[in-house]
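>>> whatever this is, show me its structure:
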Amino acid sequence: MRAANGNGHGQNLARAATAARNGLQTGYVMITVQPGYEMKVVEYLQMIPEIIEINPLFGEYDIVAKVEFSHYAVLNNIVLKKIRPLVGIRDTKTMLTASFDEDGKKKGPPQ
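All right, here's what the predicted structure looks like:
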């Protein structure tokens, strides 16, 4: 399973900086799964190349998938055509990371 490897916050910041330089944005897909389908869904998610990290959770959501993408259309395709149709998926919530421009204003991913 692709997951955080324990190298800590510094490695995540370095990866985020590299992704930003490459024109990529980061999103998190919070996934609710039908009981008993957790491992099968994780196996399917591992086959999606844009998903760079997968973590099972306790609580309201069962899985969080970290996604890198270049445009909203790419993220839209990943969520609507690759994640939501999977057998066992009950619900998804997608959260996008924010970045700031030189003036301190939030900016989003390219349209």
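>>> contacting residues around residue 82?
By Cβ atoms under 8 Å, 6 or more residues apart in numbering, the residues touching residue 82 are residue 48. Yep, even glycine has a C-beta here, placed from its N, CA and C like the rest.
>>> is residue 82 in a helix, a strand, or coil?
For residue 82, the assignment made with DSSP: H, G, I helix; E, B strand; the rest coil gives helix.
>>> per-residue pLDDT, it?
We have a pLDDT of 97 for residue 82.
>>> now the strands for this protein?
Here the chain has its strands, by DSSP state E, at 25-33, 51-56, 63-69, 89-96, 99-100, 106-107.
>>> what helices or strands is the first one leaning on?
Under the contact definition 3 or more Cβ pairs under 8 Å, 6 or more residues apart in numbering; DSSP states H and E, strand 25-33 sits against helix 9-21, strand 63-69, strand 89-96.
>>> and the average pLDDT for the second one is what?
Spelled out, it's strand 63-69. For strand 63-69, the per-residue pLDDT averages 96.
>>> which stretches of the chain have low pLDDT?
Scanning the chain for pLDDT under 70 picks out 1-22, 106-111.
>>> now residue 59: how far from residue 32?
With distances taken as Cβ to Cβ, to the nearest Å, residue 59 is found 10 Å from residue 32.
>>> for residue 70, same thing?
Applying Cβ to Cβ, the value for residue 70 to residue 32 is 27 Å.
>>> residues contacting the most centrally placed residue in the chain?
For the chain, the residue lying nearest the average C-alpha position, counting by Cα atoms, centre = their mean, turns out to be residue 66 (2.3 Å). Taking Cβ under 8 Å, 6+ apart, we find residue 66 in contact with 26, 27, 28, 51, 52, 53, 54.
>>> pretty sure the fifth one sits against residue 68.
If I follow you right, that is residue 52. Yes: using Cβ atoms under 8 Å, residue 52 is in contact with residue 68, at 5.4 Å.
>>> look at those two and report which has more neighbours.
residue 68 (20 against 15; other Cβ atoms under 10 Å).
>>> touching, the more buried one and residue 28? I think so.
No: taking contacts as Cβ under 8 Å, residue 68 lies outside contact range of residue 28: 10.9 Å.
>>> comparing residue 59 and residue 32, which residue is more hemmed in?
residue 32 (15 against 6).
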